[in-house]
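Trainee: Got a predicted structure here, sequence first:
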Amino acid sequence: MNPLIKGAVRGVLALCMLAALPAWAAGTAAGTAISNKATLNFSVGGVTQPVVNSSPTGNTVSGAAGGSNTSFVVDRKVDLQVVTTDSASNVAVPGSTNVAATFRVTNLGNAVQDFSLQIESMAIGTNMATASGDGFNNNASTFTVSNCRWAVAATAAALPAASTPASFNTSAFVDELAPDAQYFVRVICDMPSGPPVSGSPGGNNGDIATIALMATARESACAATTLFAATPVANTTCATTGALGAALTASAGADGATTVETVFGDAAGRSSSLADVKSDANHSARGAYKLITAQPKVTKTQAVFCDPLNLGTNPKVIPGAVIKFSIKVENVINGGQTAADVANALIASFADVIDTNVALVVDAYTTVSAATCNPATGTTTTAALINVTGGGTPTPARTFTANPTGITALSGSSLSVTYNNATTPILPAVATGTTAALGELRSGEWVQVDFYVKVK
């Protein structure tokens with residue numbers, strides 16, 4: 001071949017193939033027609049000849065009107081991604097309901113799709129695992145959640161609050177999601193009232209539950225009139241219909257130049273029992289719940305304060321002796337835990353049954369004299385006077401009222417003491433630092449109430 005002709009052909013063909021159509025991050029839209037032809041400019045013996053255009057079967061007719069386009073349509077790639085938008089495990093109290101976890105679904109394909117949703121409460125022993133990038137807690141799960149429901153919205157801010165459970169159900173889906181667009185999913189689940197592992201009251205702090213949200217691509221309502229019309233057209237927008245589209249099937253066999261085939265291009269997901277594998281039109285991600293509860297420890301001790309014979313020197317428990325009872329309530333932080341792993345405990349009151357062989361002392365601690373050991377004792381209608389101390393690691397330290405009044409009551413043989421009396425509280429609110437509401441005992445904090453009885 002003449003080198004000039006060969007060079008001209010190369011130059012024209014290269015120019016034609018560089019002509020690009022608009023594309024999104026997901027790629028050129030499915031149903032887009034790609035159509036062009038090559039034009040050959042050549043000369044013979046130094047004389048320029050009429051151009052020859054290409055055709056799919058080959059063209060020899062010269063002139064601008066000769067030849068025909070070589071055409072095909074872009075096929076549909078079905079791809080999606082589900083990720084958690086939480087940055088940490090969602091903290092929950094044992095027995096709580098409607099605890100939220102949030103996910104995002106992105107259409108990575110090149111056509112509008114519906115997406116159905118499913119939740120898996122994953123088996124005990126499953127963890128988030130960081131390999132896929134959606135893990136922030138590698139502790140194996142020790143409990144499972146129940147009654148999971150979800151709601152969807154175009155933005156995270158538009159999602160309903162977990163406090164409105166009527167807005168959640170198990171049938172919500174993503175309707176007509178455009179290529180490169182995303183939707184948000186809020187899942188709410190109920191926590192068990194007791195832990196399956198530790199057996200401690202109310203729950204085991206740090207217990208983890210793992211869930212997986214799986215989205216499945218479904219047919220768009222507009223596909224029949226766009227992608228699968230006699231002459232396919234691009235499918236990048238479609239009005240929502242409120243009806244979930246049909247299941248998808250990947251195309252088999254050779255590609256048809258003038259028809260739109262469907263190819264599944266999703267990665268393997270993170271579900272387990274839902275069997276989310278590569279190229280199945282599904283994708284899933286995991287989220288986690290973490291149980292955080294108070295860890296109250298109650299200790300009751302006694303000490304002989306005085307007796308009528310020895311007074312305050314080595315007193316013994318004889319008739320007339322005064323005994324100090326101390327009830328200490330701690331919100332403990334166990335080994336390996338931090339203060340953030342233990343919730344505040346709202347302490348309402350305690351009740352203590354007074355033995356019939358002793359009588360409640362109603363004098364204040366500071367007025368019970370070991371020198372005389374002859375305090376007054378109460379009747380069934382007399383309020384007891386008590387002594388309060390406290391401490392712990394939270395800051396700022398709480399200010400305790402040493403001898404609060406009006407917070408005790410003696411009914412029959414039972415003494416009750418109220419911690420959250422608004423007038424003279426044992427546990428006043430803390431507004432700064434490590435905060436606490438009225439009556440709440442902070443993690444790492446303790447409070448002790450002393451009261452006195454006289455042996456009959």
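Mentor: All right, it came through fine.
Trainee: Would you quantify the distance from residue 236 to residue 28?
Mentor: Residue 236 sits 10 Å away from residue 28, taking C-beta to C-beta, to the nearest Å as the criterion. Heads up, the C-betas are built off the backbone N, CA and C, glycines and all.
Trainee: Check residue 249 too.
Mentor: Relative to residue 28, and taking C-beta to C-beta, residue 249 is found at 22 Å.
Trainee: what does residue 456 give?
Mentor: Taking C-beta to C-beta, one finds residue 456 at 95 Å from residue 28.
Trainee: which one of those two has more residues nearby?
Mentor: Per other C-beta atoms under 10 Å, whichever of residue 456 and residue 28 has more neighbours is residue 28, with 18 against 11.
Trainee: Strands of the stretch 201-350 of the chain, residue ranges please.
Mentor: Counting by DSSP state E, counting those that start in this stretch, the stretch 201-350 of the chain has strands at residues 208-218, 262-264, 282-291, 296-306, 322-331, 345-346, 349-353.
Trainee: Could you export those strands to CSV, including columns for mean neighbour count?
Mentor: CSV is the format used below for those (neighbours: other C-beta atoms under 10 Å):
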stretch, mean neighbour count
strand 208-218, 26
strand 262-264, 19
strand 282-291, 26
strand 296-306, 14
strand 322-331, 20
strand 345-346, 18
strand 349-353, 13
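Trainee: of these, which approaches residue 46 most closely?
Mentor: Nearest to residue 46, of all the strands of the stretch 201-350 of the chain, is strand 262-264, at 50.8 Å by C-beta to C-beta.
Trainee: what helices or strands is that closest one leaning on?
Mentor: strand 76-78 (3 or more C-beta pairs under 8 Å, 6 or more residues apart in numbering; DSSP states H and E).
Trainee: Show me the shaky parts of this protein.
Mentor: Within the chain, the ranges that satisfy pLDDT under 70 run 1-25, 128-139, 194-204, 363-370, 376-385, 406, 409-412.
Trainee: residue closest to the middle of the protein?
Mentor: Nearest to the geometric centre of the chain sits residue 101, at 2.7 Å (C-alpha atoms, centre = their mean).
Trainee: Can you give the strand pairings for the strand or helix carrying that residue, parallel or anti for each?
Mentor: In this assignment (DSSP states H and E), residue 101 forms part of strand 99-107. In the sheet, strand 99-107 lines up against strand 80-84 (antiparallel), strand 182-190 (antiparallel) (DSSP bridges).
Trainee: Specify the angle between the shortest one and strand 282-291 in degrees.
Mentor: What it means is strand 80-84. Counting by axes from the mean of the first three to the mean of the last three C-alpha atoms, to 10 degrees, strand 80-84 lies at 10 degrees to strand 282-291.
Trainee: Counting by contacts, list what the helix or strand following strand 80-84 packs against.
Mentor: Using DSSP H and E, the helix or strand that follows strand 80-84 in sequence is strand 90-92. Applying 3+ C-beta pairs under 8 Å, 6+ apart, one finds that strand 90-92 contacts strand 99-107, strand 282-291.
Trainee: Could I get those strands in a markdown table, plus columns for distance to residue 49?
Mentor: Below are those laid out as a markdown table (distance: least, C-beta to C-beta, whole Å):
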| stretch | distance to residue 49 |
| --- | --- |
| strand 99-107 | 50 |
| strand 282-291 | 56 |
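Trainee: For residue 67, which of those is the nearest?
Mentor: Once these are compared by C-beta to C-beta, strand 99-107 is nearest, at 38.5 Å.
Trainee: Please enumerate residues in contact with the next helix or strand after the closest one?
Mentor: Where DSSP H and E defines the elements, the next helix or strand beyond strand 99-107 is strand 113-121. Outside strand 113-121, the residues that touch it by C-beta atoms under 8 Å, 6 or more residues apart in numbering are 78, 80, 105, 107, 144-146, 148, 150, 152, 170, 172-177, 183, 185, 187, 189, 209, 211-221, 244-245, 271-274, 284.
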